[in-house]
Each structure stands twice: as C-alpha cells, then as structure tokens.
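need coordinates for the following:
(one chain, ligands or ions: 1)
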Amino acid sequence: MTLVPTMGALHDGHLALVRASVHRGETVIVSVFVNPSQFGPYEDLDRYPRQEARDVELSIDAGAVAIFAPPATEVYPEGFATTVTVDGPAREFEGAVRPTHFAGVTTIVAKLLLMVHPDRLVLGQKDAQQVAVVRRMMRDLNLDDIDLVVHPIIRDADGLAMSSRNRYLHDDERQIALALPASLAAAQHCVAEGQTDGTTVAAAARRVIDQAPGLQLDYAAVVHPDTFLPLARINGPALLCVAARIGPTRLLDNAVLIPN
Ligand code: AMP
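Below is the predicted model:
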C-alpha cells in the first residue's frame with residue numbers, strides 16, 4: 001500500500017502523485033493533515049487553505065482507496081513530548097529560514113509511517129529538501145524498508161510550480177512569481193553553456209529574481225540533492241534551489257542541473 005501525505009488543498013500536483021501510483025497498480029491512501037508543528041509562529045497556519053470534503057472527492061476521483069485525515073488531538077494528544085529531528089540536510093536553506101519546520105515535518109512523517117504502515121511513501125520533488133531530509137530520517141531510523149518514491153514537479157501552463165500557496169497570489173503577483181521558473185531556466189542555460197562553477201550558476205538564477213520587482217530572494221543555491229550542501233563544482237548530481245517571497249507568500253522551486 002502506498003501513502004501520499006499532504007496538507008490538503010489538493011491540486012493537480014498532489015493528484016499527479018496519486019494518479020502515478022494508481023497507474024503502477026498500487027493501493028493508495030492519501031493523508032490530509034495540516035500539521036501545526038511544521039509552521040513557525042508567524043507563518044500561515046491559520047489562513048492555510050482547508051477544503052476537506054473536496055480533497056476527499058478529488059483523491060477518490062484520482063483513484064485513492066481511502067483518505068486518512070486524523071484530528072490534531074489524535075496526532076498530538078495531551079502530553080505529547082516526542083520530536084524527531086534531523087541534522088545534516090535539514091540544516092541550511094529551508095532549515096535556516098524556518099528553524100522549527102523540518103522537526104515538524106520529520107515528526108509527522110515518522111508518525112504517519114508508523115500509523116499507516118505503508119510499503120511505499122510518495123513525495124514530490126517540489127519540496128526537494130524535504131525529500132532529502134525524509135530520506136535521511138528513513139535511513140537513520142531503519143524505516144527504509146519502506147520505498148521512497150519521488151515524483152517530478154508538476155507545473156501550470158505558465159511554468160509556475162503548482163502549490164497550495166499559489167492561491168494567495170493576485171494576478172499581478174503571479175506574473176512576478178514566474179521569475180522563479182525563469183531563474184531556473186537561466187541557471188540551466190548557464191550549465192548547458194558549459195559553466196560548472198556552482199556559485200556562478202547560482203548567481204545567474206539570483207540575478208533573474210533580483211530583477212523581478214516585489215520579489216524578495218531568500219536563497220538561490222546549487223546543492224547536492226542528498227546532503228543539501230552547496231556545491232562548488234557541478235560534476236555530478238546537482239540541484240538549483242530557489243526560495244523567494246512576494247509579500248507574505250513564500251514560494252519554492254528547484255531544477256536538476258545536468259553538466260555537459
Ligand atoms: P503539501 O500538501 O504541500 O505538503 O504537499 C504534499 C506533497 O505533494 C509533498 O510531497 C509535495 O512535495 C507534493 N507536491 C506539492 N506540490 C507539488 C508539485 N507541484 N509537483 C509535485 N509534487 C508536489
């Protein structure tokens with residue numbers, strides 16, 4: 001059985017994970033849980049979109065057999081005192097900008113794996129650092145008898161990676177947000193031209209974001225996909241990761257870099 005964990009507000013990005021698993025002949029359970037512990041004190045927990053009835057309908061239509069949507073009081077009962085924290089790949093980037101985020105993620109993913117006992121866990125490449133952190137945790141806690149399947153990023157026709165948070169964007173902000181995929185394209189172009197210096201490639205992406213009015217860059221970096229350490233030289237697997245804010249809305253994107 002396959003588990004696709006989500007925070008609900010399902011879109012075609014989430015549903016692609018479900019559909020691909022169903023297509024492989026797997027029995028799919030979608031979990032829907034807006035996990036309070038992965039939100040920081042000034043983040044969007046209260047305004048995070050919630051549409052549980054629609055999420056059930058969308059998941060079943062996509063071929064899931066069941067939705068697991070436990071109440072927060074069941075997941076974190078009175079007296080709950082355990083946290084799963086990962087160092088290494090959780091340290092920089094999202095881990096630095098959102099210091100409590102990954103502990104919330106790894107605690108809920110460990111709990112979901114132990115509650116649901118799936119054979120397979122499906123995550124999206126959209127949250128590349130989350131994939132690296134969860135992979136590390138599964139190895140470290142001997143949860144790696146569960147297969148980790150990573151699904152490619154699903155994008156809207158304009159190139160913006162699908163995200164539940166895109167619905168916060170007004171039309172003009174959405175246009176500005178297209179600088180994220182454009183920054184990835186700039187970095188990929190740079191690599192295709194033969195550039196292998198990680199800092200130079202990251203700078204090419206950063207320039208595109210810096211030129212977009214109203215978009216504040218959190219980071220643009222070339223990293224190793226497993227360790228999430230910055231790469232000085234691109235001579236093997238590499239990821240370009242970007243995070244930027246438009247007003248209160250934070251957006252993430254990433255792309256694989258393949259040297260010539
Ligand atoms: P979320 O509900 O945002 O926590 O996402 C649940 C899962 O869906 C995570 O594994 C995400 O990486 C994945 N996901 C979200 N958006 C996308 C997307 N555009 N493409 C691929 N996977 C996605």
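
tell me the confidence at the closest residue in space to residue 15 that isn't next to it in sequence?
Computed as CB to CB, 6 or more residues apart in numbering, the closest residue to residue 15 that is not its neighbour in sequence is residue 62, at 4.5 Å. The C-beta positions use only the backbone N, C-alpha and C, and glycine is treated the same way. Residue 62 is assigned 98 on the pLDDT scale.

tell me who's in contact with residue 62.
Residues near residue 62 by CB atoms under 8 Å, 6 or more residues apart in numbering: 15, 18, 19, 22.

phi and psi next, for it.
Main-chain dihedrals, residue 62, degrees, to the nearest 10: phi -80, psi -10.

before we move on, the earlier item: who wins for most neighbours among the contacts of residue 62?
Sorting the contacts of residue 62 by how many neighbours each has (other CB atoms under 10 Å) puts residue 18 first, at 26 neighbours.

all helices for the stretch 1-150 of the chain, in order.
12-23, 52-61, 72-75, 94-97, 101-116, 128-140 (DSSP state H, counting those that start in this stretch).

export the ones you listed as a markdown table, with columns for distance to the ligand.
A markdown table is the format used below for those (distance: least, CB to the nearest ligand atom, whole Å):
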| stretch | distance to the ligand |
| --- | --- |
| helix 12-23 | 3 |
| helix 52-61 | 10 |
| helix 72-75 | 15 |
| helix 94-97 | 12 |
| helix 101-116 | 9 |
| helix 128-140 | 6 |
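
closest one to residue 253 among those?
helix 128-140 (9.3 Å; CB to CB).

that older thread, dump the helices of the stretch 1-150 of the chain into JSON lines; add distance to residue 205 as well.
Below are these laid out as JSON lines (distance: least, CB to CB, whole Å):
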{"stretch": "helix 12-23", "distance to residue 205": "22"}
{"stretch": "helix 52-61", "distance to residue 205": "33"}
{"stretch": "helix 72-75", "distance to residue 205": "37"}
{"stretch": "helix 94-97", "distance to residue 205": "17"}
{"stretch": "helix 101-116", "distance to residue 205": "22"}
{"stretch": "helix 128-140", "distance to residue 205": "14"}
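
identify the residue nearest the closest residue to the ligand within the stretch 1-150 of the chain in space, chain neighbours excluded?
Proximity of the stretch 1-150 of the chain to the ligand (CB to the nearest ligand atom) peaks at residue 124, 2.1 Å away. Closest residue to residue 124 apart from its sequence neighbours, by CB to CB, 6+ apart: residue 151 at 5.2 Å.

ok, which stretches of the chain are strands?
With strands called from DSSP state E, the chain shows them at 2-6, 28-32, 66-68, 120-124, 147-151, 215-223, 238-246, 249-257.

make CSV from these and add mean pLDDT and mean neighbour count to it.
As requested, these are arranged in CSV below (pLDDT from 0 to 100; neighbours: other CB atoms under 10 Å):
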stretch, mean pLDDT, mean neighbour count
strand 2-6, 98, 25
strand 28-32, 98, 24
strand 66-68, 98, 17
strand 120-124, 98, 21
strand 147-151, 98, 16
strand 215-223, 98, 21
strand 238-246, 98, 23
strand 249-257, 97, 21
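
quick one on the thing from earlier: quick one: closest of the helices of the stretch 1-150 of the chain to residue 159.
helix 12-23 (13.4 Å).

same question for that closest one, mean pLDDT?
On average, helix 12-23 scores 98.
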